[in-house]
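[1] Kindly generate the corresponding structure for this input.
(one chain, ligands or ions: 2)
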Amino acid sequence: MNQASLYQNANQVQRHDAKLILEEFASTLQWRSDGEDALLDVGSGSGNVLMDFVKPLMPRGAQLVGTDISSQMVGFASQHYRREERTQFRVLDIGCERLPQELSGGFDHVTSFYCLHWVQNLRGALANIYDLLRPEGGDCLLVFLASNPVYEVYKILQLNEKWSGYMQDVEQFISPLHYSSNPGEEFTQLLNEVGFIQHNVEIRSEVFVYEGVRTLKDNVKAICPFLERMPAALHEDFLDDFIQIVISMNLQQGDQANGQDQKFISPYKLVVAYARKSPEFVNNVLVESPHQKRLKGLN
Ligand SMILES: C[S@@+](CC[C@H](N)C(=O)[O-])C[C@H]1O[C@@H](n2cnc3c(N)ncnc32)[C@H](O)[C@@H]1O
Ligand SMILES: CC(C)=CCC/C(C)=C/CC/C(C)=C/C(=O)O
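    Ligands and ions are numbered 1, 2, ... in the order given. Coordinates of the predicted model:
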């Protein structure tokens, strides 16, 4: 997914989820008392989730770094938000072998929305997120897909000889937790392995309803990695086949033949994880704050 303007105009689900989850976690994030927080966002895309929902929560003196593997996304966000103070966008592959030295250990917070399901090396990405946080501590809020019907649609499309040539590597674009029988447990284990001491992982079952064929097609176009590999003249045919498969999976509501608006239902599972690098210490004494007590299942 490299078309920032397409994504910026068809990311209602992603914005909806990020907004609600940030409202919920705004007071759990451990803001600094001096207001000089530094926050890095992983996979910022076109940048509007970061600027519309994360930035308003931050103290006025805070520094924001939006990152993305796609230089096209970073170029778009840098241009679009060029007037924002204390904000920069830069290219970063969160699954990379070695973090750039100037980023390592420099942040109080790492956030990431709808990105980590794109990263097959989830353990490497989490180890990097841990290393981006300051050595003395910091926290992260990570939100991504464990599963989504889009992945089953991709696998069926790949069997069609019209599309198989463009979709040989389909598994690379399926969430690393999609096949997991216990994604919450698997992700918790990874957080432990990379060194996070306190964490809370939830798998939330959500449903989003797409109103009409055009809305669903636009949302697919904004994120589908296979379209950019095929001539534009084939896009509508691919999207029509996509819709037929969605209908065959009984994810359609309403009957066009009876003059009803078509709706498409997408039941998906979202990982919502909050983790701290180290517990809160004041004068070498572990402090359990009221919000820590509230966190469900905190390790
Ligand atoms: C669905 S968009 C999410 C954008 C934004 N966070 C939001 O919530 O709207 C996913 C973004 O993750 C980026 N991405 C995919 N793999 C990545 C990686 N290994 N490192 C950093 N970003 C990555 C993509 O380029 C894309 O911009
Ligand atoms: C009914 C149905 C199959 C809906 C799928 C809709 C859709 C466009 C899902 C995209 C999921 C995804 C990978 C989002 C993202 O990374 O932003």
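[2] And the strands in the stretch 1-150 of the chain?
    In the stretch 1-150 of the chain, the segments counted as strands under DSSP state E, counting those that start in this stretch are 38-42, 63-68, 87-91, 109-113, 139-147.
[3] quick check: angle from the third one to strand 63-68?
    Here strand 87-91 points in a direction 30 degrees away from that of strand 63-68 (axes from the mean of the first three to the mean of the last three CA atoms, to 10 degrees).
[4] Export only the CA atoms of strand 87-91, formatted as CSV.
    The C-alpha coordinates for strand 87-91 follow below in CSV (Å, rounded to 0.1, in the frame of the first residue of the first chain):
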residue,chain,number,x,y,z
THR,A,87,6.7,17.0,14.2
GLN,A,88,8.7,15.1,11.6
PHE,A,89,8.1,12.0,9.4
ARG,A,90,10.8,9.6,8.3
VAL,A,91,11.3,6.2,6.7
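[5] List the neighbouring strands of that strand plus their orientation.
    Looking at strand 87-91 with DSSP bridges, its partner strands are strand 63-68 (parallel).
[6] Show me what from the protein comes close to ligand 1.
    Applying CB under 6 Å from any ligand atom, one finds that the chain approaches ligand 1 through 1, 11, 14, 18, 42-45, 49, 68-70, 73, 92-95, 113-115, 118-119, 223. Heads up, the C-betas are built off the backbone N, CA and C, glycines and all.
[7] Up against ligand 2, what does the protein have?
    Looking at ligand 2, the residues of the chain close enough under CB under 6 Å from any ligand atom are 14, 114, 145, 148-150, 153, 219-220, 223, 246, 251, 264, 266.
[8] ok, of those residues, which one's closest to residue 206?
    residue 266 (8.5 Å; CB to CB).
[9] And that closest one, how far from ligand 1?
    Distance of residue 266 to ligand 1, computed by CB to the nearest ligand atom, to the nearest Å: 14 Å.
[10] May I ask which helix or strand encompasses that residue?
    Residue 266 belongs to strand 263-276 when assigned by DSSP states H and E.
[11] Using the neighbour-count criterion, name the buried positions in that strand.
    Buried residues in strand 263-276, counted by 16 or more other CB atoms under 10 Å: 263-264, 266, 268-276.
[12] quick one: contacts of stretch 17-31?
    Applying CB atoms under 8 Å, 6 or more residues apart in numbering, the set of residues contacting stretch 17-31 from outside is 37, 49, 52-54, 57-59, 108-109, 113-114, 137-139, 141, 143, 206, 270, 272, 274, 276, 280, 291, 295.
[13] Which members of those residues are classed as buried?
    Buried members of those, counted by 16+ other CB under 10 Å: 37, 49, 53-54, 57-58, 108-109, 113-114, 138-139, 141, 143, 270, 272, 274, 276, 295.
[14] Show me what the helix or strand harbouring residue 190 is packed against.
    Assigned by DSSP H and E, residue 190 belongs to helix 183-194. If you count contacts as 3 or more CB pairs under 8 Å, 6 or more residues apart in numbering; DSSP states H and E, helix 183-194 packs onto helix 122-132, strand 198-211, strand 263-276.
[15] can you do 6 Å?
    helix 122-132, strand 198-211 (3 or more CB pairs under 6 Å, 6 or more residues apart in numbering; DSSP states H and E).
[16] Please export the C-alpha coordinates of the shortest one as CSV.
    Backbone C-alpha positions of helix 122-132 (Å, rounded to 0.1, in the frame of the first residue of the first chain) are rendered in CSV as follows:
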residue,chain,number,x,y,z
LEU,A,122,6.7,-9.6,14.6
ARG,A,123,9.3,-10.5,17.2
GLY,A,124,11.9,-8.4,15.5
ALA,A,125,9.5,-5.5,15.3
LEU,A,126,8.6,-5.8,19.0
ALA,A,127,12.3,-6.0,19.9
ASN,A,128,12.9,-2.7,18.0
ILE,A,129,9.9,-1.1,19.7
TYR,A,130,11.4,-2.1,23.0
ASP,A,131,14.8,-0.6,21.9
LEU,A,132,13.2,2.7,20.7
